[in-house]
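# Okay, here's the prediction I keep looking at, along with the sequence it came from:
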Amino acid sequence: MKIDVGTKKLLERLTSKVNEAMQAHTAYVNDCSTQDTPLPYYSNFKLYTLFDTSYTPVVQYNLLDNGTDTIYLDGTLNAWKKANEIEKPELTISNVMDYAKMVVSSISKENIKHNIVTSIEDIDFYQMPTVEQFQLIESSIKPPVISFRNNSFNILACLIEGKELYDSLISVKSTGEIEISDKNLILQDIPVDEFAWD
């Protein structure tokens with residue numbers, strides 16, 4: 001199937017950035033496809049998932065792209081900081097949770113997955129918990145509480161790090177910077193895949 005010019009240019013930008021990040025020529029335009037996700041807090045940046053089908057299983061890379069700037073999401077907050085310097089996010093009470101979820105889910109500290117969870121539907125179990133476990137996890141997840149003061153959103157929400165569930169305070173500045181603090185352990189040994197494989 002022939003790739004149109006616009007898609008080819010996009011794939012060239014994305015694969016080039018992946019190869020730069022990997023410090024090797026691993027991704028080729030002809031082996032890759034992409035899917036984009038609009039980000040309502042940015043006017044220009046979109047999230048792109050690049051699928052490299054030359055590997056089994058298929059390898060995925062996540063990048064931000066605005067048509068000019070391409071930023072590889074490397075598992076740190078630096079990528080988001082770079083994007084926010086190029087385009088300040090338009091954060092509101094109604095979209096700050098989506099922003100926080102997106103940013104936190106891209107973090108891979110010591111190869112451990114991080115996710116903000118607002119309900120049990122937000123959890124990807126690698127094996128179904130027992131009925132008792134399911135009920136305990138579901139009853140432990142509290143609805144998030146969001147407030148805004150001093151140019152910062154404060155989100156009280158549950159956070160999964162690896163296999164552990166925490167109550168946490170997530171602060172999001174109006175410039176997009178995120179800080180996670182006041183983590184209190186609620187549950188351990190949740191049957192989720194705790195590692196983020198590169």
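It's in. Computed from a predicted model, the values in this text were never measured in an experiment. Residues are numbered from 1 along each chain as shown.
# Run a quick neighbour tally on the closest residue to residue 151 other than its chain neighbours.
Sequence neighbours aside, residue 174 is the residue nearest to residue 151 in space, at 4.7 Å (criterion: CB to CB, 6 or more residues apart in numbering). Where C-beta positions appear, they are placed from N, C-alpha and C, glycine not excepted. By other CB atoms under 10 Å, the residues close to residue 174 number 16.
# Give me the residues contacting the longest helix seen in the chain.
In the chain, ranked by residue count with DSSP state H as the criterion, the top helix is helix 5-22. For helix 5-22, contacts defined as CB atoms under 8 Å, 6 or more residues apart in numbering pick out 3, 25-29, 32-34, 48, 50, 61, 63, 65, 70-72, 74.
# Swap in 6 Å and give it another go.
The contact list for helix 5-22, computed with CB atoms under 6 Å, 6 or more residues apart in numbering, reads 25, 27, 29, 32, 48, 50, 61, 63, 70, 72.
# Identify the farthest-apart pair in those.
Farthest pair in the contacts of helix 5-22 (CB to CB) is 25 and 48. Separation: 19.4 Å.
# quick one: which of those two has more around it?
In terms of neighbours (other CB under 10 Å), residue 48 is the more surrounded of residue 25 and residue 48; the figures are 21 against 11.
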